[in-house]
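**Q** take a look and give me a structure for this.
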Amino acid sequence: MNETSRSQSSLNLFKTQDGYPIERKVIEPSGRLGSLYDASTDNLIDRHSAQRIESKIPRKRFTCRLLSRDQSTDLISFLKDIDFDDAIRQSICLQMITPRGISRLIEYNQVVDENTRFLYYCYRARKEWLDVTAHQTHKIVAAPLNPTEATHMITKILWGFEVLCVIQIPKHESVNSVDQLLHHICDQLQNNRIPIKLNSNDRQLINQLNNIVVYGSETCINQANTSLLTILTRIQDWQKDSNVHQPLIYTMQPLRWLYNGPQFNVPCSFPRPDNPHIARIEIVIKRINNQIKDLEEIFRNLPTNFSSTILDQRLKNLQQKYRFVLNSQDNFQEHLRQALKDIRRHCIEPPTLDDIIGDQRYECLRNSELDKFLTNIQQLLNKSILIEKLKNNHIEYFNVFDIHSNQEIPTTIDNIDAILKRTYSNKNDSVILWYSSDRLKREKEDLYQQIYQELTWEQQQHVEQRIKLIYVDFSYFKDKLEDFIIVRLPLAETLITERDSKKDTVHLLPPSKQRARSSSPLSKQSSRSSPTLPKPPPVPPREPLSISKPIEINVLLLGEIGVGKSTFINAFINYLKFENLQQAEQDEPVVLIPVSSLITVGDRSDEFAVKLGNADSNENHEQQGQSVTQQCKSYVFDLNNRLRLRFIDTPGIGDNTRDIKTIDHILTYINNLSHLNGICLLLKSNTAQLNVFYHLCLNQLLTYLTPTAYNNIIFCFTNTRSTLYAPGDTGLLLRKMLDDEHLNNIPFKQENTFCFDSESFRYLVARKCGINFDEYQKQEYISSWYTSVTESVRLLKYIRKCKSYYLEDWLSPRKAIFDILMLVRPLLETLRLIIYNWKLSEAKISLNHMVLNSNPIDIEMCTNCAQIKVVEVGPFWLIQYQSAILDNNTNQHSCCPINGKHFLIEFNVTHEFVPLPAGLKNERWQSSFHNFLFKCDRLLHFLRQQESTIQDDPFQYILERYLEEEEQISQIPNINSNMNKSIYDVLKSIKQIREENRRKLLESNERLSLNLVYQIIDELIAIPTVRKQIDSIKRSRQLKMKQHERTIPKNLIRNKIFA
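**A** This is a model prediction of the structure:
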């Protein structure tokens, strides 16, 4: 049968004529000529093999296709594009057969999107067949003696092999370049031009395609992570080796046509593929599978239990319901499997399927029911994330439903308020109760975050007072909590408050009203209080919420080299200080960032170099084509008592030698902020192309942010005087770029677009340098000043309206990368501490153990520039790092090479050899070591799966340094370093252990979700030693950010328009 007739056969499936052969894409490759097959379930019945066979070489031997899909395509439907007909796909969908070979594509667990490519290759080696005729087959193959479920016999087999590579194009690679390369490969394979010809650039690009999963004939593909280059290299050998060839297509004849006999009278045929009852199966099963997959993902990330009784009960109820849903799914699919088998055997009609789908027994599998269930579980997951976050910030979680009084739940908020105050009133401790709910957290997110920061800051500032923070959750309570409430215990007796009956807030009373006050609902003892509670002291009232710190507005400035970010900040401070340009010209302009530029004056376009401002090591005007600004720096403007504006100036993008490091530096910097209010993308209004802006600026930023932050993106155009204060040609390019890259959910409208011209500031600088301008130019600069001030006011108003984007509340792959990189050294220091105690335990030194201390530092240093000090701690010799300051008081780290294999030291580590606390058991250190190391390698596995700039192993650099330290110690004369030798041996063995870990992770094909990654991160951070080091890193970064911060006091801001 030729290829055309095969395709037609697949489209028509079975016809009713008894003698019409059918074809099946092979799932189970063990069938041979003469093997029996049940076409109603697509299963081999036996593996009989006939001897009298004929064979020939197929006319068309090579097929290669390059396919792409989007997120709307499910993988079972995709099988249709690689010759799986509707019937076999239905059998796969209903799990009538177990996927093997390329049909295992349905197990692919990564996202399929516009960056996913499918490279399919098929080699047809030979055809074999039995020369059978109607009712005469017994002369070649004996008829089955016993009753059989088989409906057909395999009478023809197409042999060969096939491979399917699923390729994820890295986000930092050009999609067009990868597509061109894959089309080039596909064309050579299609025409059997092998070995494949690839130049050095092709090979380099192929090596960048490291996220590939391969499916295929099991004799060829035994590892799903085989590289594309390996596949291409082996194809020629596979073609020649008949041992790797497997059945690809079975052609089968009905037994009732092949043999005479009443036992073969069972018909088997198929409805047409467009039959609506049959087609509905795949749609429904796909929908249910996707929803249950989402449920499974959430359940996997839920904790095993909650400390809250009510939440724990909810978890158990949802787990019980989940088990019921899974059982219902199994029963539903079994029901459909039997029905489809009976339809194919003509026992029932296809409309029966609709009755099964609508059966009340499977109501829990309906779309609306599963969506509702998914929402409930997601809410519980969100609650667990909240509790974990509170715990990490030393805040206790308390659910009001856990208050039971005489087996009854208090009926009002006042009842709960009274019980909580009695329970937590203790003069020895300060307690802060924060009443909140999910609704309030959702509807008043900015206020919630502000309170959160205030309370945690207060707790950190008063460690000696032992302030206990308790988050009181009213989410499930029947009465609505109208506002956040803060209760401080104990309170001064003179503070008396009164509750507004219309709103759940508290207001301070004037002294006269305090004296007149006789009673308050909050001062009465609850009649439902528990008899086991101690006798209550006078109930203190609730305190009004007052936040004294100014609201911080954080604005990130991002753009290419030379776009004018620093000039924008310089101009802005002068807009704040001066009412108009004339006043600024008469006074002394403010220069926050030193200026050095050329300015053109007069009819002859004379150029003058102008400089103003004090020298700043963060600003380099000497290197052309490089960013002037070297590091991120904040400029903080106290606009008034209520508002504090922070502009974050960043290094420019566009220096090919540093762009990746620059982007990482910027994202690391903002990763230390609590929130962003505005993300200003600065562009010149006369830009000819946006390639650099998109690939190295916008695209990189979007890998860090989530779509929630898109409404915080603001487009600021500079140098717009020449385009009449409009975006100019750049605006058209930007609109096209957003459309082409499918980024239409990023708003680009008049309300978030601002046009500036900072030439009026350059004019001020030039005037201070003694350069004169004619009257026409002066009027132009006055107009530029006025327009830019107006836009600045509009910009501030717009930013204030934007909802704050809280960085800790949103997860993204790029953010996870930064969080993991911050963990690397703390994890390995903890791993080394485990090794120290492991070796102490082996040496029978059990009364003492090693502990680790960490302290923040406020200076940049790395292992390349730091001074080292060898110290003796217990039986070990250790190396400590300390900063090296040059004679001119500059930091030695500024001289370090940027490509050296050394790591940044963000905190100091010291160790102590101390007695083991009484009652503390010795851990199983060796087991802890292996488990801990495997968790580290799982995080590295996640890093490697991301299309990120992480090319090297960040863990390896530190491990290699540890080995170097031990080697240095071993060279020191006249010391006993025997214990250090045992440490060296373990460190040396880590490389092999990690290689084995990597092999296991690759074989498992584990695709870590963000939630699962953060579950691992949270587990590791919960370890006190790790937590201590992370706190030191965060504190170090805050100290360094403070050094790169300049505050502009509010008394400098005199322009009333900004008040």
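**Q** over to S307. Which of the three states is it?
**A** coil (DSSP: H, G, I helix; E, B strand; the rest coil).
**Q** who does the residue nearest to it when sequence neighbours are not counted bridge with?
**A** Nearest residue to S307, sequence neighbours excluded (CB to CB, 6 or more residues apart in numbering): Y397, at 7.2 Å. In short, each C-beta sits where N, CA and C put it, glycine included. Y397 forms beta bridges with Y471, as assigned by DSSP bridges.
**Q** list the contacts of the closest residue to E349 other than its chain neighbours.
**A** Nearest non-adjacent residue to E349, counting by CB to CB, 6+ apart: I343, 7.1 Å away. By CB atoms under 8 Å, 6 or more residues apart in numbering, I343 lies in contact with P271, I278, E349, P350, T352, L353.
**Q** how about the strands in the stretch 851-1000 of the chain?
**A** 867-873, 876-882, 907-915 (DSSP state E, counting those that start in this stretch).
**Q** R300 is nearest to which of those?
**A** With CB to CB, the closest approach to R300 among the strands of the stretch 851-1000 of the chain belongs to strand 907-915: 33.4 Å.
**Q** now that closest one, how far from the centre of its chain.
**A** 34 Å (CA atoms, centre = their mean, to the nearest Å).
**Q** list the contacts of it.
**A** With CB under 8 Å, 6+ apart, strand 907-915 has contacts from 829, 833, 836, 847-857, 873-876, 878, 880-882, 1029, 1032-1033, 1036.
**Q** one more: stretch 91-101?
**A** 26-29, 41-43, 76, 79, 84, 103, 105-107, 162, 215-218, 246, 281-282, 285-286, 333, 336-337, 340-341.
**Q** quick check: E964 vs E454, distance?
**A** 46 Å (CB to CB, to the nearest Å).
**Q** neighbour-wise, which of these two wins?
**A** The residue with more neighbours, out of E964 and E454, is E454; 16 against 12, by other CB atoms under 10 Å.
**Q** and the helix or strand hosting that one, what other elements does it pack with?
**A** E454 is part of helix 445-461 when elements are defined by DSSP states H and E. In terms of contacts (3 or more CB pairs under 8 Å, 6 or more residues apart in numbering; DSSP states H and E), helix 445-461 is packed against strand 430-436, strand 467-473.
**Q** swap the cut-off to 6 Å and go again
**A** Under the contact definition 3 or more CB pairs under 6 Å, 6 or more residues apart in numbering; DSSP states H and E, helix 445-461 sits against strand 467-473.
**Q** give me the number of residues near I53?
**A** I53, neighbours per other CB under 10 Å, totals 17.
**Q** wait, Y250 touches K25, no?
**A** No: in this structure Y250 lies outside contact range of K25 using CB atoms under 6 Å: 8.3 Å.
**Q** tell me which of these two has more neighbours.
**A** Comparing Y250 with K25 by other CB under 10 Å, the one with more neighbours is Y250, at 28 against 23.
**Q** and that one, that's in a strand?
**A** Yes: under three-state DSSP, Y250 sits within a strand.
**Q** and it, what does it touch?
**A** R24, V26, I154 (CB atoms under 6 Å, 6 or more residues apart in numbering).
**Q** which of those has the largest number of neighbours?
**A** Ranked by the number of neighbours (other CB under 10 Å), the contacts of Y250 place I154 first, at 27 neighbours.
**Q** C-terminal to the helix or strand harbouring that residue, what's the next element?
**A** Assigning secondary structure by DSSP H and E places I154 in strand 152-168. Sequence order places helix 175-190 as the next helix or strand after strand 152-168, per DSSP H and E.
**Q** looks like E1045 contacts Y635 (just checking).
**A** No: the criterion here is CB under 6 Å, and E1045 misses it with Y635 at 7.7 Å.
**Q** how close does E585 get to V765?
**A** 11 Å.
**Q** more crowded one of those two?
**A** V765 (21 against 17).
**Q** quick one: the helices in the stretch 1-150 of the chain, in order.
**A** Applying DSSP state H, counting those that start in this stretch to the stretch 1-150 of the chain gives helices spanning 3-12, 75-78, 86-93.
**Q** related to what we said a few turns ago, hey, which of the strands of the stretch 851-1000 of the chain is tucked in deepest?
**A** Of all the strands of the stretch 851-1000 of the chain, strand 876-882 carries the top mean neighbour count, a mean of 18, counting by mean count of other CB atoms under 10 Å.
**Q** got the angle between that strand and strand 867-873?
**A** 150 degrees (axes from the mean of the first three to the mean of the last three CA atoms, to 10 degrees).
**Q** quick check: angle from strand 876-882 to strand 907-915?
**A** Going by the same axes, to 10 degrees, strand 876-882 makes 150 degrees with strand 907-915.
**Q** what strand or helix carries the closest residue to L683 other than its chain neighbours?
**A** Spatial nearest neighbour of L683, chain neighbours left out: T730 (5.2 Å); criterion: CB to CB, 6+ apart. Taking DSSP H and E as the criterion, T730 maps to helix 728-740.
**Q** what strands line up against the helix or strand just after that helix, and which way round?
**A** Per DSSP H and E, the first helix or strand lying C-terminal to helix 728-740 is strand 753-755. Looking at strand 753-755 with DSSP bridges, its partner strands are strand 713-718 (parallel).
**Q** report the rounded mean pLDDT for the partner strand.
**A** Averaging pLDDT along strand 713-718 yields 92.
**Q** from here on, call the first residue 542.
**A** In the new count, where the first residue is 542, that last one comes out as strand 1254-1259.
**Q** if I look at the residue nearest to E890, how far off is N816?
**A** Per CB to CB, I884 is found 9 Å from N816.
**Q** then D1572?
**A** 64 Å.
**Q** can you check Y1322 too?
**A** For Y1322 relative to N816 (CB to CB), the value is 76 Å.
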